[in-house]
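[1] Need a 3D model of the sequence below.
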Amino acid sequence: MANFFDEIARNRLKSIILMCLFSLFFFAVIYLLVLVLGGGVFGLFFGGMLIIAYALFSYFYGSQMVLRLSRAKIADEKKYPQLYSIIEGLSSAAQLKMPKVYVIDTADPNAFATGRNRKNACVAVTTGLLNMMNKEELEGVLAHEISHIYNNDIQFMMLAIVFGGVIGIIAAVLRYSFFFGGIGNERGGGGGVLLIIELALAIIAPIIAMLIRLAISRRREYMADANGARMTRDPMSLAGALKKIKAFGQAPMKNRVQANATQQKPQAQPPVHRVDPITSSLYFTNPISMSAISNLFSTHPPIDERIKRLQNMH
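    Numbers count the residues shown, from 1 in each chain. Presented below is the predicted three-dimensional model:
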């Protein structure tokens with residue numbers, strides 16, 4: 001059986017290696033873009049300024065955009081005393097500033113943490129999760145989210161999302177260039193080579209960036225599971241929460257609504273599984289159905305594997 005600390009250390013190392021690969025790939029794409037566009041030093045400088053501006057905007061306003069897109073609202077402490085009490089206790093145990101607490105009115109059981117850093121963090125929980133979990137299971141899920149804040153995952157994943165977004169923009173520019181004239185057409189003998197580079201970047205770069213970003217996300221999920229289980233000293237409660245969420249996801253839609261009939265407005269908001277694929281990596285479990293897609297393209301590890309690892313922890 002693996003212990004908490006071995007699991008945390010193993011996944012931290014793997015995620016750092018993946019992030020280094022992502023960074024190298026990112027700068028290689030930028031270099032090839034400048035080569036294809038022929039912008040020279042000026043092009044590199046101008047492109048760098050745009051990327052910095054995009055990164056700063058994402059850093060300062062990204063979390064607010066995620067909360068707004070999720071239709072999250074500040075949780076009323078009088079209405080959700082247990083939620084506040086658990087988050088306050090876990091934050092104190094992790095020596096973190098109490099994050100802002102949000103609630104999303106939807107039957108789907110899920111949660112996520114976001115924010116610029118440890119001092120400006122938020123935790124959002126769906127009403128479906130609050131209705132479904134007992135106190136110990138809810139504490140396990142929230143310990144997982146607090147671990148994301150403690151591990152700086154909210155910054156880690158925001159950076160990965162920014163990198164992926166920039167590469168997607170670059171790919172769109174190259175596709176536009178290729179289909180509307182082709183940059184290489186005006187470059188004499190080297191035009192054919194540049195066209196090949198341009199087309200390859202436009203098609204392959206976003207796919208590689210997505211695969212690396214998703215791999216990073218899966219590693220951080222394993223690490224948050226291990227650290228959350230360490231905080232509560234109760235990995236089985238977190239495993240129990242995952243089992244309930246898995247059962248909910250496999251149930252027919254009418255049964256999902258009935259299972260959360262205690263909600264005041266069970267259908268007041270769109271279900272969480274309609275979130276943007278780019279931000280889906282922030283959630284506790286993948287809010288997008290993966291029934292027809294390989295685990296390679298999932299933001300989260302398979303639930304069964306997460307449960308198995310938790311059951312083997314001590």
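
[2] what ranges do the strands span in the protein?
    73-74, 100-104, 111-115, 121-126 (DSSP state E).

[3] how about those strands, which one is nearest residue 175?
    strand 111-115 (30.5 Å; Cβ to Cβ). (C-beta placed from N, C-alpha, C; glycine too.)

[4] Quick check: the residue nearest to residue 101 when sequence neighbours are not counted vs residue 213, distance?
    In space, and not counting its chain neighbours, residue 101 is closest to residue 75: 4.4 Å by Cβ to Cβ, 6 or more residues apart in numbering. According to Cβ to Cβ, to the nearest Å, residue 75 and residue 213 sit 30 Å apart.

[5] Equivalent analysis for residue 230, please.
    26 Å.

[6] before we move on, what about residue 149?
    In terms of Cβ to Cβ, residue 149 sits 20 Å off from residue 213.

[7] more neighbours, those two?
    residue 149 (27 against 24; other Cβ atoms under 10 Å).

[8] what sits against that one?
    By Cβ atoms under 8 Å, 6 or more residues apart in numbering, the contact set of residue 149 is 94, 96, 99, 113, 115, 118, 121, 123.

[9] How many neighbouring residues does residue 227 have?
    24.

[10] What of residue 311?
    So residue 311, with other Cβ under 10 Å, has 11 neighbours.

[11] if I pick it, what's in contact with it?
    Applying Cβ under 8 Å, 6+ apart, the residues contacting residue 311 are 235-236, 239.

[12] Quick check, pLDDT for the residue nearest to residue 135 when sequence neighbours are not counted.
    Distances taken as Cβ to Cβ, 6+ apart put residue 82 closest to residue 135, at 6.7 Å, once the chain neighbours are dropped. Note on residue 82: pLDDT of 96.

[13] before we move on, the earlier item: ramachandran angles for the residue nearest to residue 101?
    The phi and psi values for residue 75, taken as degrees, to the nearest 10, are phi -80, psi 130.

[14] how about it, what does it touch?
    Counting by Cβ under 8 Å, 6+ apart, residue 75 has contacts 83-84, 101-103, 125.

[15] which of those residues has the most neighbours?
    residue 125 leads the contacts of residue 75 on contacts (other Cβ under 10 Å) with 27 neighbours.

[16] Tell me the spacing between that residue and residue 241.
    12 Å.

[17] How many neighbouring residues does the nearest residue to residue 149 once chain neighbours are set aside have?
    Among residues not flanking residue 149 along the chain, residue 121 sits closest, at 4.6 Å (Cβ to Cβ, 6+ apart). Residue 121 has 24 neighbours, counted by other Cβ under 10 Å.

[18] okay, now the domains of this protein?
    Split into domains by automatic domain parsing, the chain comes to 4-67+155-217, 71-152+233-299.

[19] between those, which gets nearest to residue 305?
    domain 71-152+233-299 (8.7 Å).

[20] ok now the closest one, how far from the chain's centre?
    With Cα atoms, centre = their mean, to the nearest Å as the basis, domain 71-152+233-299 stands 13 Å off its chain's centre.

[21] Could you list the single helix or strand in this structure with the lowest mean pLDDT?
    Across the helices and strands of the chain, mean confidence by mean pLDDT, DSSP states H and E is lowest for helix 253-259: a mean of 53.

[22] ok, now how distant is residue 92 from residue 231?
    11 Å.

[23] Pick out whichever of the two has more residues nearby.
    Per other Cβ under 10 Å, whichever of residue 92 and residue 231 has more neighbours is residue 231, with 22 against 11.

[24] Would you state the helices of the stretch 51-200 of the chain in chain order?
    81-93, 127-132, 135-150, 153-179, 191-232 (DSSP state H, counting those that start in this stretch).

[25] Tabulate those helices in TSV, adding columns for distance to residue 30.
    Listed next are these as TSV, based on distance: least, Cβ to Cβ, whole Å:
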stretch	distance to residue 30
helix 81-93	38
helix 127-132	40
helix 135-150	29
helix 153-179	8
helix 191-232	10
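
[26] CA atoms only for stretch 206-218 - export them in CSV, please.
    Written as CSV, here are the backbone C-alpha positions of stretch 206-218 (Å, rounded to 0.1, in the frame of the first residue of the first chain):
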residue,chain,number,x,y,z
PRO,A,206,-3.2,22.4,-30.6
ILE,A,207,-3.5,18.6,-30.3
ILE,A,208,-0.1,18.2,-28.6
ALA,A,209,-0.8,21.2,-26.3
MET,A,210,-4.2,19.7,-25.3
LEU,A,211,-2.7,16.3,-24.6
ILE,A,212,0.0,17.8,-22.4
ARG,A,213,-2.4,20.0,-20.6
LEU,A,214,-4.8,17.1,-19.9
ALA,A,215,-1.9,15.0,-18.7
ILE,A,216,-0.9,17.8,-16.2
SER,A,217,-4.5,18.0,-15.1
ARG,A,218,-4.8,14.3,-14.4
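
[27] Verify the stated contact: residue 125 with residue 103.
    Yes: look at residue 125 against residue 103 with Cβ atoms under 8 Å: they come within range, at 6.0 Å.
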